[in-house]
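Enquirer: Any chance you can model this:
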Amino acid sequence: YPLAGANIVLKGTTTGTVSDTNGEFSINLYDSLETIVVSFVGFTTETIDCAGRSIVDVAMRVDPTQLAEIVITALGLEKERDKVGSSTVRIAGESVVKSGEPTLINGLSGKSSGLLISRTSGDPGSGSYIQIRGQGSISASVQPLIVVDGVPVYNSNIGSYGGGVVQQSRLNDLNPHDIESIEVVKGASASALWGTRAGNGVIVIKTKKGSGLANKLSVSYSGTYGVDRILARHPLQRTWGQGISGYYYTGVFSNGAGWPYSYGDKIANRSGEDDIVVSDPNDPDYIGYFLTSQGKKVYPIVETTFDPNAPPNGGKNSVATFDPYEALFDGGHTLDQSLSISGGSRDNSYYFSIADLNQEGLAKANSNYRRTSVRINSNRQFNDWIGIGSTLFFSKITSDRLQMGNNLSGIFLGGLRTSPDWDNEKGYEGYYVPPSGSFNPNHQLSYRNQIGMALNPGYDNPLWTMYNIKNESDVNRFIRTAQLDVNPLQWL
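Expert: Prediction:
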């Protein structure tokens with residue numbers, strides 16, 4: 001029977017036409033363009049050489065793979081979408097790889113309606129919060145169930161709220177290049193397939209199995225190098241120094257802890273000469289000094305007396321200001337490499353891959369993530385109704401994470417609260433030496449602890465946090481599955 005609306009184009013061009021209600025069409029050929037491509041939804045695409053021919057008869061064959069979309073069921077089996085009875089969205093594995101994201105979770109962002117992916121931290125390899133179809137509970141978790149080749153995988157992110165350190169999700173242990181397809185199952189119907197744990201939806205991940213249809217060996221390599229930069233910087237005032245009510249004041253002589261506010265004297269009105277410090281042990285105001293690990297002595301700067309007739313800057317004469325972003329952050333980079341080998345015969349298929357992801361964060365130190373993984377998938381079909389399959393996956397993940405959020409050691413919080421006229425880089429660790437001359441180790445300099453007098457400075461110097469508080473992890477993970485498929489009756 002005639003097909004109306006079939007697409008006919010000259011191969012390699014966008015020049016074409018469509019068939020009319022009788023299935024007929026007319027197209028002009030050229031000397032170098034004598035091949036046409038005919039396509040129609042639900043039928044196989046036909047390529048026809050028309051050289052020396054004025055009339056061409058085209059027979060289109062039905063393509064059942066286009067008529068019935070395939071989804072993955074709870075048991076990891078392939079079924080036609082119309083027979084499942086739940087709302088699903090299929091995401092191709094290649095679309096996740098093409099997103100450019102080094103981790104699987106973030107690669108899902110924007111790939112399905114109703115699927116929300118929110119990063120929990122800017123640390124490399126950190127997890128993300130996943131939510132399907134909105135917030136369903138105030139206090140309980142609303143993250144979906146995640147199933148990889150029939151094995152549940154958790155997306156929990158310890159420390160993802162408030163202060164502390166955010167650890168990576170175990171879902172990110174997977175290599176995105178190994179993913180064949182992802183099914184996002186929405187709504188309460190998911191519970192009927194996976195139980196109560198699936199009340200918030202399900203994400204079903206199927207890894208590649210290889211194909212023996214062409215009876216050929218396929219080797220694929222992918223390598224990506226990316227550079228990260230800070231997208232936006234919070235604007236910070238650079239006009240007023242540390243202090244209060246237009247006067248330079250640190251509080252170091254009264255309680256040892258620096259004044260927390262930064263609306264002191266105007267920095268531009270200072271002389272620009274050397275700061276006046278209290279360094280004479282015979283001075284009645286002498287309170288000691290800080291000895292940095294590089295051997296430099298840091299003395300307290302003379303404060304203002306709040307006398308309207310005296311200079312409001314006290315002994316603070318320097319007009320230098322410092323950018324916390326420059327002290328804390330540098331350019332990050334990512335190198336992602338993956339090698340896969342697949343093939344087989346009509347009844348056998350295998351897939352092997354090895355991948356390495358090496359990511360350095362934006363922070364200057366101790367912010368990194370490395371994942372090395374190996375996967376072996378194999379399948380054997382004995383006859384029309386029985387077959388077996390197995391998967392073996394190993395990943396080694398090492399990382400180091402930084403303090404974040406609203407805790408007193410968070411590098412961003414400590415950095416942004418620092419007064420613009422305080423340099424966090426001027427020897428942030430060392431000894432506090434009181435007037436008695438004793439050496440007190442493991443003290444730090446910060447804008448609220450200007451000679452390291454207090455063991456607890458209130459807000460840590462962000463550089464001290466970055467270089468001294470390490471949160472290293474080393475994970476070795478194995479996932480092994482075996483599957484027996486028995487289908488004696490086609491209608492089951």
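Enquirer: pull the CA atoms of the helix or strand containing residue 338 into PDB?
Expert: Here residue 338, judged by DSSP states H and E, is contained in strand 332-344. The C-alpha coordinates for strand 332-344 follow below in PDB (Å, rounded to 0.1, in the frame of the first residue of the first chain):
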ATOM      1  CA  GLY A 332      40.900  23.200  38.500                       C
ATOM      2  CA  HIS A 333      41.200  20.500  35.800                       C
ATOM      3  CA  THR A 334      39.800  17.100  34.900                       C
ATOM      4  CA  LEU A 335      41.300  14.300  32.800                       C
ATOM      5  CA  ASP A 336      38.800  11.500  32.000                       C
ATOM      6  CA  GLN A 337      40.000   8.500  30.000                       C
ATOM      7  CA  SER A 338      38.000   5.300  29.100                       C
ATOM      8  CA  LEU A 339      38.900   2.200  27.000                       C
ATOM      9  CA  SER A 340      36.300  -0.400  26.100                       C
ATOM     10  CA  ILE A 341      36.400  -3.700  24.100                       C
ATOM     11  CA  SER A 342      33.200  -5.500  23.100                       C
ATOM     12  CA  GLY A 343      32.100  -8.200  20.700                       C
ATOM     13  CA  GLY A 344      30.900 -11.800  20.500                       C
END
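Enquirer: Starting from it, tell me which strands it pairs with and how they run.
Expert: When pairing is defined by DSSP bridges, strand 332-344 lines up against strand 218-228 (antiparallel), strand 348-360 (antiparallel).
Enquirer: quick one: contacts of that strand?
Expert: Contact partners of strand 332-344, identified using C-beta atoms under 8 Å, 6 or more residues apart in numbering, comprise 102, 124, 175, 177-178, 208, 210-212, 215-229, 349-362, 367, 379. C-beta: built from backbone N, CA, C; applies to glycine.
Enquirer: quick revisit: now mean pLDDT and mean neighbour count too, for the strands paired with strand 332-344, in JSON lines please.
Expert: JSON lines is the format used below for these (pLDDT from 0 to 100; neighbours: other C-beta atoms under 10 Å):
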{"stretch": "strand 218-228", "mean pLDDT": "91", "mean neighbour count": "11"}
{"stretch": "strand 348-360", "mean pLDDT": "93", "mean neighbour count": "19"}
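Enquirer: can you give me the helices in the stretch 301-450 of the chain?
Expert: Counting by DSSP state H, counting those that start in this stretch, the stretch 301-450 of the chain has these helices, from start to end: 324-328, 411-417.
Enquirer: for these, which one ends up most surrounded?
Expert: Highest mean neighbour count among the helices of the stretch 301-450 of the chain (mean count of other C-beta atoms under 10 Å): helix 411-417, with a mean of 21.
Enquirer: Which secondary structure elements does that helix sit against?
Expert: When contacts are defined as 3 or more C-beta pairs under 8 Å, 6 or more residues apart in numbering; DSSP states H and E, helix 411-417 packs onto helix 324-328, helix 462-468.
Enquirer: got the contact list for that helix?
Expert: So helix 411-417 is contacted by 234, 236, 260, 324-325, 327-328, 363, 402-408, 424, 446-447, 459-462, 465-466 (C-beta under 8 Å, 6+ apart).
Enquirer: which of those residues count as buried?
Expert: The neighbour-count test (16 or more other C-beta atoms under 10 Å) marks 324-325, 327-328, 363, 402-405, 407, 424, 446-447, 459-462, 465-466 as buried among those.
Enquirer: Compare the helices of the stretch 301-450 of the chain and say which comes out lowest on pLDDT.
Expert: When mean pLDDT is averaged over each of the helices of the stretch 301-450 of the chain, helix 411-417 scores lowest at a mean of 84.
Enquirer: Roughly how far does residue 128 sit from residue 109?
Expert: To residue 109, residue 128 is 8 Å away according to C-beta to C-beta, to the nearest Å.
Enquirer: thinking again about what came up before, now the helices and strands packed on helix 411-417 in JSON lines, with distance to residue 168?
Expert: Compiled in JSON lines, those are given as follows (distance: least, C-beta to C-beta, whole Å):
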{"stretch": "helix 324-328", "distance to residue 168": "21"}
{"stretch": "helix 462-468", "distance to residue 168": "19"}
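Enquirer: can you tell which of the ones you listed is closest to residue 9?
Expert: helix 324-328 (52.9 Å; C-beta to C-beta).
Enquirer: Can you give the contact residues for the closest one?
Expert: So helix 324-328 is contacted by 230, 233, 236, 363-364, 411-412, 415-416, 418, 424-425, 462-463, 466 (C-beta under 8 Å, 6+ apart).
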